Structure formats: C-alpha cells, structure tokens
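**Student:** have a look at this prediction, sequence included:
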Amino acid sequence: MRIAVGVTGASGAIYGYTVIKALYDLGIEVHAVYTDMGRKVLEYECGHNIEVIQKYATVYDNADLFAPLASGSFKMNGMVVVPCSMHTLGALAGASGRDLLTRAADVTLKEGRKLVVVPRETPVTPIHLENMLRLARSGVVVMPAAPGFYHKPVTVDDIVAFMAGKILDIFAIEHTLFKRWGN
C-alpha cells in the first residue's frame, strides 16, 4: 500500500506527523509533501524538522512538479492533506495544481483515488463551507479535525491518535490508535 500525505501550514502539524508515523509503523509506504508553512508549523508546534519526517516517509519539495506524486501514472492508494489550511482547501476546490501538494491532490482525485482533507480552521466562513461542499461533491472526504471523546482520552496524544485513526479508517487500514465504541 502507498499513501501520500500533504501537510500545510494550518495549526495541527501533530496530526500530519502522527498519520505519517502510524502509516510507517504499519509498514505502509508513505510519500509526503510539506508546504513551506507546513515545515515551519511542524518545527514550531512539534519541535521537529523535516529530517525527522524523512525517517518515516519519502519527502518531496513542494516546488518539484517533476516529483512522482505529480503524475497519475504513479500508483497510490490515496492521499490525505492533514492539516489542510483554508488557503490550500480553496486551491483544491479550484483545481489549481500550482504546487506539488495541490497537483498531487488533483491527480489523486482525477484518477479516482481516495482523497481526504482535514481542515483545521475554526470558525469557518460561507466561502470555506462552499469550498468544502465543492470538494465533497467531487468525491473528496472532508474530515474536519473534530475528535470524539467517547474513547475517554487522557492526553493530547490520545485526542490526536483518535483523529489519525479516523483518517486511517477511511483507507480501510487496520490500527489500534484508539478504543472503538462498544469494544
């Protein structure tokens, strides 16, 4: 299995890091692309630089439109953009493909593969909601970073793991990141 992970500059870099690490730990091939702000937020919020991510994923420069992720012939099972800034969400809704992250997401969608976006901003405007609706109507799974609490989280890591697990669920990837309801 091969999954692409895009990480933007919205707050919530820990979500992207946790998804990448969980996929790696499960033996899934991970290809990652960070926006410039995504890299800065990773350092600011998590204290990690991109070299840490390179332990778990093949990492591409967001300006490299010659990277494999830019082509539909590069087989992937899907892509998740986590966290997804409203700037990137708007670019995805407009199918701009102006950088590697948005191009890879556009390719994922056009090839009929699973694309998940995890917006993290709040509150949202009608424009944000319309962009989310446009993406959802195009087959994108829009999964706002809104964790549940029925698993009785104790730490922030428990809350983050819940969201990471819900993302993996979309790709039918078995995991033990959180305790399921009724178990």
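**Tutor:** Great, that's in hand.
**Student:** M76 belongs to a strand?
**Tutor:** No: M76 is assigned coil when assessed by DSSP: H, G, I helix; E, B strand; the rest coil, not a strand.
**Student:** test my guess that it contacts L109.
**Tutor:** No: counting by CB atoms under 8 Å, M76 stays clear of L109, with 11.7 Å between them. Heads up, the C-betas are built off the backbone N, CA and C, glycines and all.
**Student:** below-threshold pLDDT in the protein: ranges please.
**Tutor:** Within the chain, the ranges that satisfy pLDDT under 70 run 183.
**Student:** contact partners of the longest helix along the chain?
**Tutor:** As assigned by DSSP state H, the longest helix anywhere in the chain is helix 156-170. By CB atoms under 8 Å, 6 or more residues apart in numbering, the list of residues contacting helix 156-170 from outside reads 14-15, 18-19, 22-23, 26, 78, 80, 82, 114, 116, 118, 141, 143, 145, 147-149, 151, 153, 175, 177-178.
**Student:** what's the helix or strand for K152?
**Tutor:** K152 is part of no helix or strand when elements are defined by DSSP states H and E.
**Student:** backbone dihedrals for it, please?
**Tutor:** phi 50, psi 60 (degrees, to the nearest 10).
**Student:** S73 too?
**Tutor:** phi -80, psi -10.
**Student:** what's the burial count for it?
**Tutor:** If you count neighbours by other CB atoms under 10 Å, S73 ends up with 7.
**Student:** ranges for the strands of the chain?
**Tutor:** For the chain, the strands defined by DSSP state E occupy 2-7, 29-34, 58-61, 78-84, 114-119, 141-142.
**Student:** export the ones you listed to TSV and tack on mean neighbour count?
**Tutor:** Below are the strands of the chain laid out as TSV (neighbours: other CB atoms under 10 Å):
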stretch	mean neighbour count
strand 2-7	27
strand 29-34	23
strand 58-61	18
strand 78-84	27
strand 114-119	25
strand 141-142	17
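**Student:** in CSV: those, plus distance to Y44.
**Tutor:** Converted to CSV, these look like this (distance: least, CB to CB, whole Å):
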stretch, distance to Y44
strand 2-7, 13
strand 29-34, 13
strand 58-61, 18
strand 78-84, 13
strand 114-119, 19
strand 141-142, 26
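**Student:** do you know which of these lies nearest A67?
**Tutor:** Closest approach to A67 among the strands of the chain is made by strand 58-61 (4.3 Å; CB to CB).
**Student:** who does that closest one pair up with?
**Tutor:** strand 29-34 (parallel) (DSSP bridges).
**Student:** and the contacts of the partner strand?
**Tutor:** Contacts for strand 29-34 (CB under 8 Å, 6+ apart): 1-8, 16, 20, 23-24, 42, 50, 53, 56-62, 67-69, 76, 100-101, 104.
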